[in-house]
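any chance you can model this:
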Amino acid sequence: MLANKRQERILELLHQSGQVLVSTLAEELGVSDETIRRDIMTLHQAGLARRVHGGAVLPQPTRQEAAYPERADTNKEAKRQIGRLAASLVEDGDVIVIGHGATTDTMAPFLSTAAGLSRLTVITPSIVTLTSLMQLHQAGKFDGTILFLGGCVDYHNYVTGGSFAQHMLQNLSADKAFIGATAVDPDGIHMYQSEENALSALMIQRSQQTYILAESEKLEKRALYKTCDLDAVHHLITDQTAGLSASFLTALREAGLELHVAAQEVSHEN
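The predicted structure follows:
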């Protein structure tokens, strides 16, 4: 059995029971204990498992998230490239949802009539995206409709949320949803905030196509709340794939996700 297949099986068993033993895995997979230890080390280095004496356990979920200004200032160019690529996948007349996050907020400046887009309807809980689109409209560069999901304002993340936002979204339908994620791994899409997670899950349900926007450093990681399985979304937009494991890329393919890489798009333009 190839290494990536063994590692996928190890992850499958790990998510079933929360822990695995080297001796048990070696017997089931028909390889030596040392081979299993190497597989576990690979998963450990990728953040998908935590190596312990005699085996592995699930990694501790991400429990802290920086304030919005700090997140927006981190990997700024990667975020901008992802936002630009995401906006290029929007078509005239689309009804789109733009979710929470410093990465998805970078889409708005590219949704202009100057980019050849018109008659858009944008649904969003993001105060940053709302402000950007209003500025475009005032400059005569956005002729679409904005549906702002009202609710309780989250000062930490510059968004609205809660039951009011969810109730409004429940009565809407979209062609495409562009969702930011705290982390993505073979088990699915993950977020840090419970309210953002619930609203994002509803965005996915209310849209025909879902695009996950995440910088490469968020891939093969986990966070506190799981939004959905990989096969519940259709596209993953990231800045690069260097360093990603073969098992993770295989998981994306098997889930039917189309992978869009911003760095490759930029290089093709040069």
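
packing partners of the helix ranked longest in the chain?
The longest helix of the chain (DSSP state H) is helix 3-17. Here helix 3-17 touches strand 19-21, helix 22-29, helix 33-45, strand 55-57, helix 246-254, going by 3 or more CB pairs under 8 Å, 6 or more residues apart in numbering; DSSP states H and E. (Glycine included, C-beta is placed from N, CA and C.)

export those to a markdown table and tack on mean pLDDT?
Shown next, in a markdown table, are the helices and strands packed on helix 3-17 (pLDDT from 0 to 100):
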| stretch | mean pLDDT |
| --- | --- |
| strand 19-21 | 90 |
| helix 22-29 | 93 |
| helix 33-45 | 90 |
| strand 55-57 | 90 |
| helix 246-254 | 93 |
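
let me have those in CSV, adding mean neighbour count and distance to residue 168 as columns.
Output for the helices and strands packed on helix 3-17, formatted as CSV (neighbours: other CB atoms under 10 Å; distance: least, CB to CB, whole Å):
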stretch, mean neighbour count, distance to residue 168
strand 19-21, 19, 42
helix 22-29, 16, 48
helix 33-45, 18, 41
strand 55-57, 20, 41
helix 246-254, 17, 32
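
give the contact list for the residue positioned nearest the centre of the chain.
With distances taken as CA atoms, centre = their mean, residue 181 lies nearest the centre of the chain, 3.3 Å away. Residue 181 is in contact with 101, 189, 190, 191, 212, 213, 214, 218, 227, counting by CB atoms under 8 Å, 6 or more residues apart in numbering.

okay, domains of this protein per the record?
3-57, 68-269 (automatic domain parsing).

please identify the most buried of these.
Most buried of the domains of the chain by mean neighbour count (mean count of other CB atoms under 10 Å) is domain 68-269; its value is a mean of 19.

what's the spacing between the longest helix of the chain and its chain's center?
22 Å (CA atoms, centre = their mean, to the nearest Å).

which residues sit against that helix?
By CB under 8 Å, 6+ apart, helix 3-17 touches 1, 20, 25, 28-29, 31, 35-36, 39-40, 42-43, 48-49, 56-58, 186-187, 245-247, 250-251.
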